[in-house]
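Chemist: kindly return the folded structure for what I paste below:
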Amino acid sequence: MTNALEQEKLLDIATAAVEACPADQAEAVCAEAIEVVTRFANNVIHQSMADHGRELTVRAIVGKRIGVASAVVAEPAQAREIARQAAEMARLAGELPDFVSLPGPEPVPEAPLPLSPDCLDTSAGRRAEMVRQVLDVAASRGLKAAGALSTQASSVAVVNSLGVRAVRARSRAHLHVVMQSDDSAGYAAAEGPALADTRPVEVAKTAAEKAQLGRNPVALDPQPMTVFFEPVAAAELISFMAFLGFNALQYQEEQSLVCDLLGQ
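Modeler: Numbers count the residues shown, from 1 in each chain. Got it, this is the predicted structure:
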């Protein structure tokens with residue numbers, strides 16, 4: 001999926017959509033991903049699955065009206081209908097006075113990281129062996145482990161009517177583990193562009209240590225207190241703020257948490 005030939009296919013699909021779009025300006029984003037995952041609970045692997053999808057999203061601009069349409073696609077011929085739907089949606093949409101134009105072409109830098117072979121070629125057996133390392137840590141400490149190990153290889157192509165034409169591929173691996181005792185639990189996770197970045201033994205030991213430190217919990221009086229977030233918790237908090245607050249469309253629609261705080 002991530003080789004040069006199929007990246008060209010993504011560009012062909014996006015280009016077909018832009019060329020067929022009956023609008024003043026058009027943009028097409030064609031993305032393809034293969035994700036495989038092994039899930040486990042109660043110290044047993046219970047699921048191994050793979051998902052392969054390709055989706056096209058077309059944005060059509062008619063004056064200051066914008067319409068968007070998307071669908072799963074296989075061939076460039078299917079892109080033309082999606083482009084037509086986007087243009088039809090644009091003509092029905094309200095005007096956005098702040099809209100000026102789609103961007104023009106600029107130099108595209110090289111990808112910061114190459115695709116990782118161990119993400120592209122991982123097997124269910126290889127993932128099971130890595131999960132077994134997590135389960136061994138759980139069993140040695142009298143805990144129950146749950147979580148998932150996944151890898152993804154993806155490509156995205158962007159084409160617009162002003163001359164933008166770019167494609168990029170990436171790989172990603174992720175492991176998260178919950179260790180549970182009778183009265184406590186511990187969480188740990190790791191991810192990166194390569195399967196080796198998931199560090200299963202290290203992650204399992206971290207989750208286990210948290211579960212053991214949380215044994216025999218005591219009640220705290222509800223009151224203001226200083227809280228320290230570890231990186232995985234801080235990242236989760238910031239990601240929600242990005243989706244739900246630091247978003248131009250939500251700001252324009254007065255749904256953002258920063259609507260009354262601009263400049264502060």
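Chemist: rest of the way, CA atoms for contacts and neighbours
Modeler: OK.
Chemist: quick one, helices of the stretch 51-200 of the chain?
Modeler: Secondary structure of the stretch 51-200 of the chain (DSSP state H, counting those that start in this stretch): helices at 76-92, 117-120, 124-140, 200-213.
Chemist: what's the least confident stretch among these?
Modeler: Here the lowest mean pLDDT among these goes to helix 117-120, at a mean of 83.
Chemist: give me the residues contacting that helix.
Modeler: 151-153, 171-173, 193-196 (Cα atoms under 8 Å, 6 or more residues apart in numbering).
Chemist: just stretch 207-220 next, same as before
Modeler: Here stretch 207-220 makes contact (Cα under 8 Å, 6+ apart) with 137-138, 141, 143, 177-181, 183-188.
Chemist: pull the most distant pair out of the residues you listed.
Modeler: 137 and 183 (18.4 Å; Cα to Cα).
Chemist: so which residues of this structure form strands?
Modeler: Using DSSP state E, the strands of the chain run over residues 25-41, 44-62, 65-72, 144-160, 165-180, 185-192.
Chemist: quick one on the thing from earlier: closest to residue 158 out of the helices of the stretch 51-200 of the chain?
Modeler: The nearest among the helices of the stretch 51-200 of the chain, by Cα to Cα, is helix 76-92 at 13.5 Å.
Chemist: tally of neighbours for residue 179?
Modeler: 32 (other Cα atoms under 10 Å).
Chemist: what does the one 10 residues further on give?
Modeler: Other residues near residue 189 number 22, with proximity taken as other Cα under 10 Å.
Chemist: do the same with the one 4 residues further on
Modeler: Residue 193 has 22 neighbours, counted by other Cα under 10 Å.
Chemist: of the contacts of helix 117-120, which pair is most distant in space?
Modeler: Maximum distance among the contacts of helix 117-120 (Cα to Cα): 14.8 Å, for 153 and 196.
Chemist: which one's more surrounded, the two?
Modeler: Neighbours per residue, other Cα under 10 Å: of residue 153 and residue 196, the larger number sits with residue 153, 24 against 16.
Chemist: list the contacts for the more buried one?
Modeler: Applying Cα under 8 Å, 6+ apart, we find residue 153 in contact with 1-2, 33-35, 115, 119-120, 169-172.
Chemist: now it: closest residue in space that isn't a chain neighbour?
Modeler: Nearest residue to residue 153, sequence neighbours excluded (Cα to Cα, 6 or more residues apart in numbering): residue 171, at 4.4 Å.
Chemist: could you do residue 79 as well?
Modeler: Using Cα to Cα, 6+ apart and skipping residues adjacent in sequence, the residue nearest residue 79 is residue 17, 4.8 Å away.
Chemist: flag the shaky bits of the chain, pLDDT-wise.
Modeler: Counting by pLDDT under 70, the chain contains low-confidence ranges at 1-5.
Chemist: doesn't residue 150 make contact with the residue nearest to residue 153?
Modeler: No. At 10.9 Å, residue 171 and residue 150 do not qualify as touching, with contact defined as Cα atoms under 8 Å.
Chemist: hang on, the earlier thing: higher neighbour count, residue 137 and residue 183?
Modeler: More crowded of residue 137 and residue 183, by other Cα under 10 Å: residue 137, with 23 against 11.
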